[in-house]
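Chemist: give me coordinates for this.
(2 chains)
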There are 2 protein chains.
Amino acid sequence: MGLAHVIALVGLLCMGLGLCMLLPMAVGLLYREPNWTAFLTGTLASCALGAGLWFSLRDTQAREMNHRQGMAVVALGWLAAAFLGGLPLYLSGDFLTYTDAFFEASSGFTTTGASVLTDVEKASHSVLFWRALTHWLGGMGFIVLSLAILPFVGVGGMQLYKAEVPSPTPDRLQPRIADTAGVLWKVYALLTGLEALLLMLGGMDWFDAVCHAFATLATGGFSNRNASIAAYGSAYIEWVVTVFMILAGMNFSLHFWLLKGRLRAWFKDEEARFYLALCTLASLAIALALFMAQGVGVHDSLRLAAFQVATIITTTGFATADYNQWLPFPVAVLVVLMFVGGSAGSTGGGPKVMRVLLVLKQSYYEFLRLVHPRLVAPMRFNGQGLDRQVVASIWSFLGLYLGCFVVVGLVLTALGSDLVTAFSASIACLGNIGPGLAEVGPAGNYAGLSALAKWILALAMIVGRLEIYTLLILLVPEFWRR
Amino acid sequence: MGLAHVIALVGLLCMGLGLCMLLPMAVGLLYREPNWTAFLTGTLASCALGAGLWFSLRDTQAREMNHRQGMAVVALGWLAAAFLGGLPLYLSGDFLTYTDAFFEASSGFTTTGASVLTDVEKASHSVLFWRALTHWLGGMGFIVLSLAILPFVGVGGMQLYKAEVPSPTPDRLQPRIADTAGVLWKVYALLTGLEALLLMLGGMDWFDAVCHAFATLATGGFSNRNASIAAYGSAYIEWVVTVFMILAGMNFSLHFWLLKGRLRAWFKDEEARFYLALCTLASLAIALALFMAQGVGVHDSLRLAAFQVATIITTTGFATADYNQWLPFPVAVLVVLMFVGGSAGSTGGGPKVMRVLLVLKQSYYEFLRLVHPRLVAPMRFNGQGLDRQVVASIWSFLGLYLGCFVVVGLVLTALGSDLVTAFSASIACLGNIGPGLAEVGPAGNYAGLSALAKWILALAMIVGRLEIYTLLILLVPEFWRR
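Modeler: Numbering: from 1, shown residues only, chains lettered A, B, ... in the order given. Next comes the predicted model:
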């Protein structure tokens, strides 16, 4: 099975995407917005392109695809989704250029949440709904990529998750993708529904509740309000969103096992323990700083700190405070969290908690080795001994990740951004976070950047979402010849 | 041989240090400065303390020390040197507090070059000479640490340099330390003398020429002028310093082999090739930016760019331009170079070129492994296959290095520094560079920081200079029990 059939399968994804555009079209009709036709055009274009690719390129003799081909389908699917998903946004009239529309769609499907809209509240309902839906679909896609494909290809230490994923048919990919998807998407949908319900109980209307629930579970971050979650002025809503962001930043298999009755699943998992401890510690440190140095009250300090920590570490990107205005210490804590990211198997971006944890563990083991040179203690993770190859994959991933961060930041400074804007935009897009600092901080947006900078950042989002190697590998001719 | 004898040996180092203080005393007498007595007191105090430690704690039955004990002696020696070296600075009256004097001495011995003096030109000659001499002695110490001790203990990939060091007696440490020191210090002294001579030919007086040559070969960066090298207004001097900084940032064994007639030694070494290529590329990129965007002339652009690249990558810290005032792109290039540092076996600080190179290589190999899963190609460095343990040591080192960078930066923000000052001061001190950005940029200094911040940064310099693990290991009781 070669490139042709892979592209044919991407055609199938395009058709699916086209059908999904019928939902925002329905929203547009419901709210009697004239630009609902943009989504009809999107549906027709996507379905036509998809059908064209499928019927002209599919290989009816194709055997079942392997994991590497699965990876190619997903990677190309993301690119296609960003390009096609931007089409109705552009046609809707809410975006000035196709560059802006492509940026927004990439930001949506990669669950980044960086926006070029300067006034979200003027956008049509269909556009807002589509933005939220791109998040939700992107989150679904990433769960499958990270738990059903990457563990078998061995990208960046995801080998560790081979055995962890709930699936009754572990040896073949296509049933496995279907099973994993079926099981985990139920959890994903359940949590989304639950959050939407809780938000409505807090006084949010159904439309905003659904959109924000989509954006939360996908750790996306698009909001329907300019002031993001702060616009609702409700501590209850902020806490609900905080809790669901933290849930969305955890491995969805753990939620599955929890729902199956294994009540200690969360706490038996080393990554989850480290993640929850980190969220707690960082929130307390920031709350203390806000309380002591900025004179914020106790509950407000905790609420603001927990929300901002959750939104950054899970790479969601909602805001309830303009942390650009905070003192340096709490900002620095948030910046450090940008380089941690969500858990492996969550919808979160960034380098991932698991990788950061294993790096710290490895540095500690190296230290032990220097103290006791003859003691050969293999490093362990969740009770398993760690293969050196896995650790090497993780280090390489992080090396490449930091390399991409540096290159994107350098290019942005060459395009004229100041240092803080450039490097924070780089990590905010590569890590699928959304807001950075300075010009692209939580109170700003990406509208002021040049078109070239927007294309580069949109590409960085996709590179980051595809865990870098997944996209890189497509560029190697040898990958296709095998 | 236990802790007691190790401390006795540190006592010997203290006596040596005390004798070295006679040199700045002589300079003080030569220039008829009344505070020459500060250095006499320093000599007496150091020799008395050293002799006390040596005669009370030495173990006359002690066998030859092993590499681990050698490492302990060096690490404790550095701490002792910083504490004792600060004494005459404090007594000289040129520093307001012992904190300031300790900061300056730490900065000297670690070859950092960060200063708390707001007006260097008012300082006495003896103080200026002592500052330069602490650099030179620190540079000597680091050459021995990194080429005669660390390769045998296996810190951060230095295992790779076991075979590279010129020494006729490879199996026993004490003769080897002496041999390595003898051989490499000759090269070091030769280059220092040559630079001093060339600087004098450019019109610098003997005193400034010697001090700047000391500071260049040690990649230290203390200057006798407030405007650093820019004060001499001589393109010739700037180019001389640039060339010698680049030489000082290379593995001194390579210079040794070159002098022995192996003319291609530099170009056969992968690290040296990468380092020289990086210097060239970064200089051209910055020169282009200065020329295109800031309207600087061709020769001036090249001169400013090459100097600033050399001063940052080699972690020297001299200045001929206030790059704080440059456009973001050239500044960003310099910041990236701060995270590279000098070559292994040079006097330069930072994470080291070799480690960065191997990280990039490993990420590329991991990529190859994903493309050809069955191809097992062991990574090579300078023609040797790389043991996985070596690569793991390097990754762990870098993980710990970045961890220290983050922690020091966070603490500085908690003490009130802004983000750019805090994190640039963190890397500038941990990497033994000297100047950072913003408040601690090339035109500023560290005088404005709080006493606590100064102690933390002085400690960071020592931690960085001792390649982190060397200092950490002393804190483990088990290290001493073996």
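Chemist: which residues touch the closest residue to A:Glu478 other than its chain neighbours?
Modeler: Sequence neighbours aside, B:Val371 is the residue nearest to A:Glu478 in space, at 5.7 Å (criterion: Cβ to Cβ, 6 or more residues apart in numbering or on different chains). In this view, the C-beta of every residue, glycine as well, is placed from N, C-alpha and C. Listed by Cβ atoms under 8 Å, 6 or more residues apart in numbering or on different chains, the contact set of B:Val371 reads A:473, A:476, A:478-479.
Chemist: quick one: which two of these are the most distant?
Modeler: A:Ile473 and A:Glu478 (9.6 Å; Cβ to Cβ).
Chemist: who's more crowded, the two?
Modeler: The neighbour comparison of A:Ile473 against A:Glu478 (other Cβ atoms under 10 Å in any protein chain shown) goes to A:Ile473, with 21 against 10.
Chemist: the residue in chain A sticking out farthest from the centre sits in which helix or strand?
Modeler: Computed with Cα atoms, centre = their mean, the residue of chain A farthest from its C-alpha average is A:Arg374, at 42.8 Å. Using DSSP states H and E, A:Arg374 is not contained in any helix or strand.
Chemist: ok, A:Gly317 next?
Modeler: Per DSSP H and E, there is no helix or strand for A:Gly317.
Chemist: that one: neighbour count?
Modeler: 30.
Chemist: any idea how far it is from chain B?
Modeler: 19 Å (Cβ to the nearest Cβ, to the nearest Å).
Chemist: give me the distance from the helix or strand of chain A at the bottom of the mean pLDDT ranking to the chain's centre.
Modeler: Across the helices and strands of chain A, mean confidence by mean pLDDT, DSSP states H and E is lowest for helix A:477-481: a mean of 74. How far helix A:477-481 lies from its chain's middle: 28 Å, per Cα atoms, centre = their mean, to the nearest Å.
Chemist: same question, stretch A:314-334
Modeler: That offset, for stretch A:314-334, works out to 18 Å (Cα atoms, centre = their mean).
Chemist: which element is the closest residue to A:Val27 other than its chain neighbours on?
Modeler: Closest residue to A:Val27 apart from its sequence neighbours, by Cβ to Cβ, 6+ apart: A:Phe129 at 4.3 Å. In the assignment (DSSP H and E), A:Phe129 maps to helix A:125-144.
Chemist: and that helix, what does it pack against?
Modeler: helix A:3-20, helix A:22-30, helix A:36-57, helix A:67-91, helix A:98-109, helix A:173-201, helix A:206-217 (3 or more Cβ pairs under 8 Å, 6 or more residues apart in numbering or on different chains; DSSP states H and E).
Chemist: between the ones you listed, which one is closest to B:Gly233.
Modeler: helix A:98-109 (48.0 Å).
Chemist: packing partners for that closest one?
Modeler: Helix A:98-109 packs on helix A:67-91, helix A:125-144, helix A:451-465, going by 3+ Cβ pairs under 8 Å, 6+ apart.
Chemist: show me what it is in contact with.
Modeler: Under Cβ under 8 Å, 6+ apart, the answer for helix A:98-109 is A:78, A:81-87, A:89-90, A:95, A:112-117, A:130-131, A:133-135, A:137-138, A:141, A:220, A:222, A:429, A:434, A:446-447, A:451, A:454-455, A:457-459, A:461-462, A:465.
Chemist: fine, thanks again, bye for now.
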